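Engineer: Have a look at this fold, sequence not included:
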(Lines give C-alpha, C1' and ligand atoms only; values in the text may rest on other atoms or scores of the structure.)
Protein backbone atom coordinates (compact mmCIF):
# COMPACT_ATOMS: atom_id res chain seq x y z
CA UNK A 1 0.00 0.00 0.00
CA UNK A 2 1.43 3.36 -0.91
CA UNK A 3 1.43 6.40 1.34
CA UNK A 4 -1.94 7.85 0.37
CA UNK A 5 -4.02 9.52 3.07
CA UNK A 6 -7.27 7.78 3.98
CA UNK A 7 -10.06 9.52 5.86
CA UNK A 8 -10.29 7.62 9.18
CA UNK A 9 -14.10 7.88 9.10
CA UNK A 10 -14.41 6.45 5.59
CA UNK A 11 -15.80 3.04 4.74
CA UNK A 12 -12.38 2.12 3.37
CA UNK A 13 -10.67 2.90 6.67
CA UNK A 14 -13.26 0.91 8.60
CA UNK A 15 -12.75 -2.04 6.25
CA UNK A 16 -8.96 -1.85 6.46
CA UNK A 17 -8.66 -1.35 10.23
CA UNK A 18 -9.00 -5.00 11.32
CA UNK A 19 -6.68 -6.12 8.52
CA UNK A 20 -4.05 -3.57 9.50
CA UNK A 21 -4.31 -4.71 13.11
CA UNK A 22 -3.84 -8.33 12.01
CA UNK A 23 -0.87 -7.28 9.90
CA UNK A 24 0.80 -5.62 12.89
CA UNK A 25 0.11 -8.63 15.13
CA UNK A 26 1.52 -11.04 12.57
CA UNK A 27 4.67 -8.93 12.22
CA UNK A 28 5.22 -9.10 15.98
CA UNK A 29 4.46 -12.85 16.07
CA UNK A 30 7.00 -13.44 13.30
CA UNK A 31 9.70 -11.58 15.23
CA UNK A 32 8.85 -13.51 18.39
CA UNK A 33 8.98 -16.83 16.54
CA UNK A 34 12.38 -15.93 15.07
CA UNK A 35 13.72 -14.98 18.52
CA UNK A 36 12.59 -18.35 19.88
CA UNK A 37 14.08 -20.10 16.82
CA UNK A 38 10.67 -21.45 15.81
CA UNK A 39 11.40 -21.18 12.12
CA UNK A 40 8.50 -23.35 10.91
CA UNK A 41 6.10 -21.15 12.88
CA UNK A 42 7.73 -18.05 11.40
CA UNK A 43 7.35 -19.50 7.89
CA UNK A 44 3.63 -20.15 8.44
CA UNK A 45 3.12 -16.70 9.93
CA UNK A 46 4.91 -15.09 6.95
CA UNK A 47 2.54 -16.90 4.59
CA UNK A 48 -0.41 -15.56 6.59
CA UNK A 49 1.12 -12.08 6.51
CA UNK A 50 1.41 -12.28 2.71
CA UNK A 51 -2.27 -13.21 2.48
CA UNK A 52 -3.30 -10.29 4.71
CA UNK A 53 -1.18 -7.86 2.67
CA UNK A 54 -2.64 -9.18 -0.59
CA UNK A 55 -6.15 -8.62 0.78
CA UNK A 56 -5.23 -5.08 1.90
CA UNK A 57 -3.85 -4.34 -1.58
CA UNK A 58 -6.95 -5.79 -3.24
CA UNK A 59 -9.26 -3.62 -1.13
CA UNK A 60 -7.22 -0.45 -1.75
CA UNK A 61 -7.03 -1.08 -5.51
CA UNK A 62 -10.77 -1.73 -5.65
CA UNK A 63 -11.43 1.50 -3.73
CA UNK A 64 -9.11 3.46 -6.04
CA UNK A 65 -10.90 2.15 -9.12
CA UNK A 66 -14.26 3.31 -7.73
CA UNK A 67 -13.11 6.80 -6.73
CA UNK A 68 -13.35 9.65 -9.24
CA UNK A 69 -10.14 11.18 -10.59
CA UNK A 70 -8.73 13.81 -8.28
CA UNK A 71 -7.99 16.38 -11.02
CA UNK A 72 -9.71 17.08 -14.31
CA UNK A 73 -7.42 16.60 -17.29
CA UNK A 74 -8.64 19.67 -19.15
CA UNK A 75 -9.12 17.64 -22.34
CA UNK A 76 -12.48 17.33 -24.02
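Structural biologist: Cool, got the structure. Owing to the predicted nature of the structure, the values given are computational and were not obtained by experimental measurement.
Engineer: Please report how far residue 18 lies from residue 25.
Structural biologist: Counting by C-beta to C-beta, to the nearest Å, the gap from residue 18 to residue 25 is 10 Å. Backbone N, C-alpha and C define where each C-beta goes, glycine included.
Engineer: between these two, what contacts are shared?
Structural biologist: Here residue 18 and residue 25 share no contacting residue, scored by C-beta atoms under 8 Å, 6 or more residues apart in numbering.
Engineer: wait, what's in contact with the residue nearest in space to the middle of the chain?
Structural biologist: In the chain, the centroid-proximal residue (C-alpha atoms, centre = their mean) is residue 56; its distance is 3.5 Å. With contact set as C-beta under 8 Å, 6+ apart, residue 56 has these partners: 1, 16, 19-20, 23.
Engineer: Tell me which of residue 18 and residue 25 has more neighbours.
Structural biologist: residue 25 (14 against 10; other C-beta atoms under 10 Å).
Engineer: The helix or strand encompassing that one - contacts with which helices or strands?
Structural biologist: Secondary structure assigned from DSSP states H and E places residue 25 in helix 11-35. Helices and strands touching helix 11-35, by 3 or more C-beta pairs under 8 Å, 6 or more residues apart in numbering; DSSP states H and E, are helix 39-66.
Engineer: which of the residues in the helix it packs on are buried?
Structural biologist: By neighbour count with 16 or more other C-beta atoms under 10 Å, helix 39-66 contains the buried residues 42, 45-46, 48-49, 52, 56, 60, 63.
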